[in-house]
Structures are given as structure tokens and as C-alpha cells.
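[1] got a sequence here, can you model it:
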Amino acid sequence: MQKPPWEQGVGKHRKIVPYLPDKFSSQVKQAIDSVIDLTKIPNSSRPDGSQITPPPLSAPELLWSQLLPPPEELLEPPATPEVPSPSIQETITVDKFEFTGNTAFSEQELATVTEPFTNRPITFAELLSARTAVTKLYTDNGYLTSGAFIPPQSLDGGSVTIAILEGGLDEIEVNGTKRLNSGYVRSRLEIATGKPLNVQHLLDALRLLQLDPLIENLSAELSTGSGPGTSLLTVTLTEANSWSSQIIANNGRSPSVGSFRRGVSLRQANLLGLGDGLSVSYTNTDGSDGIDLSYSLPINPHNGKVTISYGDTSSEVTEDPFNALDIESDSRYFDLTIRQPLVQTPTEEFALGLTASRRESETVFLEDLGFPSLGADEDGRTRVSAVRFFQEWTKRNAQEVVAVRSQFSLGLDVFDATVNNDNPQTGEDVPDSRFFAWRGQAQWVRLLATDSLLLIRGDIQLADQVMLPIEQFALGGLGSVRGYRQDQLLTDNGAFASAEVRLPILRVSKWDALLQLTPFVDLGTTWNNGDREDPDPNSLVSVGVGLLWQQGDRFRARLDWGIPLVSVDSTGDSLQENGVYFSIEFNPF
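    Below you'll find the model as predicted:
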């Protein structure tokens, strides 16, 4: 008996390795660590950068066992065969083909591929070719476990029925899990393995799983199921270490509270085995202490996630001569975020999200007097309640990463938020929690040659009115325009752009270490709304050069020198105000 077309060329234990873009080279991944974080709009006083995308891992292997049972198990031969023997050279004329069992393709689509075999005399071999054409339509579109056959029937009526057996999965078996719940893996494959089984969709789902930071590597085997047209998918995986930590030191804080910042963070990415993550971080300067907590929980197999974040920072001004005023502040935030990817492929993601946000700050001086900051009440307090709608798009391959983030923020008069009237004496606008603003961020990382990178990034904010300081746009310092002190300019609106090239000057293979020269250009401009005057100058421009030392994924140190091209008034003598910035990151595990 002729082997059905959907089984031709498929034998037991034939490996098919799906295409997956090569793992990002280490320099691309490490470059991402230093550019803006598109997963959230950073606080103007926290310009830290972090990784935007997990590094792709090696491609999963899909091991094929026999796709379908032998034809004799699929079809029991009739007692009296009614289909002519292929040795008989009789011909028939088929007016039309009818189809049963088809759900992937419509009657019209199937009729199109069988049209060449209608309204003319055809032989038995050509009749089988019509069946083959239907099977080929399925296999060409990824339905490799589906096939067509001609069931026993009378061929005298001018109509021939082609039956289609659409393949499906009996079960998904997950092996190798330890702390990770097997349902986490199974649910992410089930959304791609509905009947009829499309192998291309399955491979895409496996690639996405391979990119999951909770999974080190995986392989899959598709074997014969319990009945005709069914298969068993067996997935074997190795879990990645879900613990991570980081120790940092840099001069990225405002000199008013001490520019030298040190911190430590700890993260468990699979706390309860559900793919839920808990992170804790502590940062400190000579005049500030801050703690940040975050917990995230997956809510569906499409990687939708709910995240709860909380942070509290207490500060005191230590910079002369303002330290004589004994200025102290306490600020905190609480965010509840829902993020849902709408498009997910191994090389592209588009996601939407909504954040309910609360920001509070209180500043006093001379022990208990409310500090008269912009928009604060008589006790020096400001409270912002806002809803933030964001959109994120990332596209990547082995040579480049493009990431874009947009966020619309709507301030609300709820939960005792700050509400102010215009100044009755001057008529000037006074900022409060009622506002609308848009923030856009983008970055492009391009591999120019081995160990050579081009990084371009931008950031912009547009607001509809005068903004409270905790919602303003900051310009200057580490992560912004280097060559100036941190948050040199703070305004309602602003735009920033930066271009940087990383050129290798030394590689030490035995240490997996690389030293790069990093010339850069930074520039930005700011402006205010309403009656508030713009700062003078309102634009900052700098050029500079740096050295970047990286040892694998564990250690990274950077030293930058920025040369300001626009003069500003500055009385401080910190490293920042002399254009020097440093940062050290160590990841123990």
C-alpha cells in the first residue's frame, strides 16, 4: 500500500530543530543593561538603567516520533472495496469534490486545490493526486499531523468525497520541573496546540518558552497518541536558577543628598512555583535611604502579569550651605500594574498595560516646618493619584534591538490627592494632582562589528499644565546629559537624545573580559507650561568619552567623562559637576 503523503519522509526519531535567532552576543546584552529601561517610566530622581529583554537561549529541539499510525490502523478495509484498483485504467469524471472533517480550511479553499481534477476524465492515479493535493495544502501550512484520504464510496454519481483527518494532541507531558509548576509550561503550549495541530505554531510556542528566564533549556518529542490522528507531546526541560542578586555603586544621585549611591537587590523569580517573582532592593547615600519591593504574578498563559510595587525613601539635604536648614523629606509610591502582551513571537512583542499609581512626599525644614516646595500644602506635602496607560513594542534579532515605550498619565482628584487653586495674588497656575502627560522612550542597539556597538536612545515628556516636582522631566547627570550634575534642570516638558559608540580596545579571553572605549554625545532641552519661566539655559549639550569593563554577566564597571558645551551656574565640587561619572555592578548569582 502506498505510504500516505503526510508520512513520507518522516521516520522515527527524526530531529527537527526550529529556527531561532542566535543568542544575543554578550556585548549586545550588556549594552542593553546600560540604556533606559522601557519596562517602566523611571522616577526623575532614579535614572537607573536596566535590561529590557531577556537574552535568547539556545533553540529548543523538537524530536519527532511517528506522526500518525500506519494507514491500516487509520482505515479498516471494507468487506467489498468499491474504489477501483489502481491497476484498472478506467476513468471517471468528477463534477465536484466534497469534503468531511475539515476545520482548518473552508470548502472553497479545498475546492480550489482540487479544481484541476474536476470536469474531465481522470484515472485512479489522478484521483489519488487530488487527495495528495489536499494533504499538501495542510502540510504546507504547518499541519504536518493532518492528512486526507478517500473513504470507500461509489464513484458513479459524479461526486467524490475526500475525508480529512485533522491531527490533534492527546496530552502534553512535562518532565524535568522542580520548583516550577508543570502547569506553567503546559498552559503555554496548549494555546498553540489546538486541533488541528499546527506544528509551526507549536515550534513558535517552544521558542517563546526557551526565551523564558525560568527555563534554561528544553526539548520536545511528538509521538503517536492513543487513537487515529492523535499525538503525545513530551517536553523535557531544565529549570534556570530563579535566584538573582546585584550589588551596585555609582555617583548617580543628586549631590544635595549625597551623589555616591550604593545598593543591593535580591530577586526570586519563581517564589511559589507559579512563575511569580519577588524582588527587594535597598539603596543608600550619605543623606538618603530607600527600599523598594515588588511582587509579580502571571495571570494567563499569554504572559499577562499583575505587579504590585512599593517604595519608600527618606532623605536629608547634606550639601552646603543648605544643610543648615535641616531639610528632610520622605517620599513613597505604590503601583498596581496589569500588563498584557498582545503580540508575542521569538523576535517581537507588543504589549499594553495599565497602572494605578500613588505618589506621596513630605518635606520639612527646621525640624517641623513645611517646606514651601512647588504645589505642596502648608505642611510640605504633595499627593498624586494617577492612572497610567502604557504601550510597549520590542523587536530584536542577532544584530539589533529596537524598543519603544509610550505612556499616557492622567492625574485624578481621588484618595485625598493634592488639589490647588490658582495663586489668588499673582494668578499663576499652581500644580496639583489633576494633569495629563505623555512620556515616550525609545532605544536602538546595533552590532556594528565584533564587540562594536552603536547605541541611540531618546526620551520625551509633554504635559498639559504646570506639573508637581515628582511628575516633572529631569535633565542632566548619569543616564541623561553627562557633564552636568544630576537633575540639573527640572521642568514640565523635556526631550533628550543620546548617541554612543562602543569600540573594543582589549579582550582577555581567559577572564571572559572586554574593555571598550565609549565616545558619546548627549543633548536635551526643557520648557515649562503656564506662567512659569523656562530655566536659563533651558538646553544642555555635552560630548565625552568613557571606558567600559565587562566580565561575562557577573561584573561591569564604567567610567565616563562628559564635557559640557553649554555653561550653567554651579557652585558644587562633586565629581558630577566636574563631568566624571562611575558605576560598578556585581551580580553574585
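
[2] which residues of the stretch 51-200 of the chain fall in strands?
    Assigned by DSSP state E, counting those that start in this stretch, the strands in the stretch 51-200 of the chain fall at 61-64, 91-93, 96-100, 121-123, 147-149, 159-165, 168-175.

[3] could I get those strands as CSV with mean neighbour count?
    Bear in mind the C-beta positions are built from the backbone N, C-alpha and C, glycine included. Formatted as CSV, the strands of the stretch 51-200 of the chain follow (neighbours: other CB atoms under 10 Å):
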stretch, mean neighbour count
strand 61-64, 19
strand 91-93, 13
strand 96-100, 15
strand 121-123, 15
strand 147-149, 24
strand 159-165, 19
strand 168-175, 16
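
[4] where among these is the average confidence lowest?
    Least confidently modelled of these is strand 61-64, at a mean of 48 by mean pLDDT.

[5] one step back: can you lay out the strands of the stretch 51-200 of the chain as CSV showing distance to Gln461?
    Formatted as CSV, these follow (distance: least, CB to CB, whole Å):
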stretch, distance to Gln461
strand 61-64, 46
strand 91-93, 73
strand 96-100, 58
strand 121-123, 70
strand 147-149, 58
strand 159-165, 56
strand 168-175, 45
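
[6] out of these, which comes closest to Thr347?
    strand 61-64 (18.4 Å; CB to CB).

[7] any idea how this structure splits into domains?
    69-165, 472-589 (automatic domain parsing).

[8] what is the mean pLDDT for the longest one?
    What that stands for is domain 472-589. Average pLDDT, domain 472-589: 95.

[9] hmm, who's touching stretch 241-248?
    179, 214, 261-270, 283, 583-589 (CB atoms under 8 Å, 6 or more residues apart in numbering).

[10] the same query, at a cut-off of 10 Å, please.
    By CB atoms under 10 Å, 6 or more residues apart in numbering, the residues outside stretch 241-248 that reach it are 48, 50, 178-180, 213-214, 216, 261-271, 273, 275, 277, 279, 281, 283, 555-556, 583-589.

[11] show me what counts as buried in that stretch.
    242, 244, 246, 248 (16 or more other CB atoms under 10 Å).

[12] do the same with stretch 216-234
    Neighbour counts over stretch 216-234 (16+ other CB under 10 Å) mark 217-225, 229-234 as buried.

[13] farthest pair in those residues?
    Spanning the widest gap among these are Asn217 and Gly229, at 30.4 Å by CB to CB.

[14] minimum distance to Leu453: which of the domains of the chain has it?
    For these, distance to Leu453 was read as CB to CB. The smallest value, 4.3 Å, belongs to domain 472-589.

[15] follow-up on the earlier one: just the domains of the chain: most buried one?
    Of all the domains of the chain, domain 472-589 carries the top mean neighbour count, a mean of 18, counting by mean count of other CB atoms under 10 Å.

[16] give the rounded mean pLDDT of the one helix or strand Leu237 maps to.
    Using DSSP states H and E, Leu237 sits in strand 230-239. For strand 230-239, the mean per-residue pLDDT is 95.

[17] that one: how far from the chain's middle?
    With CA atoms, centre = their mean, to the nearest Å as the basis, strand 230-239 stands 25 Å off its chain's centre.

[18] next: stretch 292-308.
    Remark: stretch 292-308 is offset 13 Å from the chain centroid, using CA atoms, centre = their mean.

[19] how about it as CSV, C-alpha atoms only?
    Backbone C-alpha positions of stretch 292-308 (Å, rounded to 0.1, in the frame of the first residue of the first chain) are rendered in CSV as follows:
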residue,chain,number,x,y,z
ASP,A,292,11.8,49.0,47.0
LEU,A,293,9.6,45.9,47.0
SER,A,294,7.9,44.3,44.0
TYR,A,295,5.7,41.2,43.5
SER,A,296,4.5,40.0,40.1
LEU,A,297,2.1,37.1,39.3
PRO,A,298,1.3,35.7,35.9
ILE,A,299,-2.5,35.7,35.2
ASN,A,300,-2.7,33.8,31.9
PRO,A,301,-0.7,31.7,29.6
HIS,A,302,-0.2,34.6,27.2
ASN,A,303,2.2,36.0,29.8
GLY,A,304,-0.2,38.6,31.2
LYS,A,305,1.0,39.7,34.5
VAL,A,306,-0.1,41.7,37.6
THR,A,307,2.6,43.6,39.5
ILE,A,308,2.4,45.3,42.9
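
[20] let the chain start at 59 from now.
    OK, 59 is where the count begins now, so the last one is stretch 350-366.

[21] in it, which residues are buried?
    Under 16+ other CB under 10 Å, the buried positions of stretch 350-366 are 350, 352, 354-356, 359-363, 365.

[22] in JSON lines, list those residues along with distance to Ala557 and pLDDT.
    Listed next are the buried residues of stretch 350-366 as JSON lines, based on distance: CB to CB, whole Å; pLDDT from 0 to 100:
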{"residue": "Asp350", "distance to Ala557": "31", "pLDDT": "98"}
{"residue": "Ser352", "distance to Ala557": "32", "pLDDT": "98"}
{"residue": "Ser354", "distance to Ala557": "33", "pLDDT": "98"}
{"residue": "Leu355", "distance to Ala557": "39", "pLDDT": "98"}
{"residue": "Pro356", "distance to Ala557": "37", "pLDDT": "98"}
{"residue": "Pro359", "distance to Ala557": "40", "pLDDT": "96"}
{"residue": "His360", "distance to Ala557": "36", "pLDDT": "96"}
{"residue": "Asn361", "distance to Ala557": "33", "pLDDT": "96"}
{"residue": "Gly362", "distance to Ala557": "35", "pLDDT": "98"}
{"residue": "Lys363", "distance to Ala557": "33", "pLDDT": "98"}
{"residue": "Thr365", "distance to Ala557": "32", "pLDDT": "99"}
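
[23] that's all I had, so thanks and see you.
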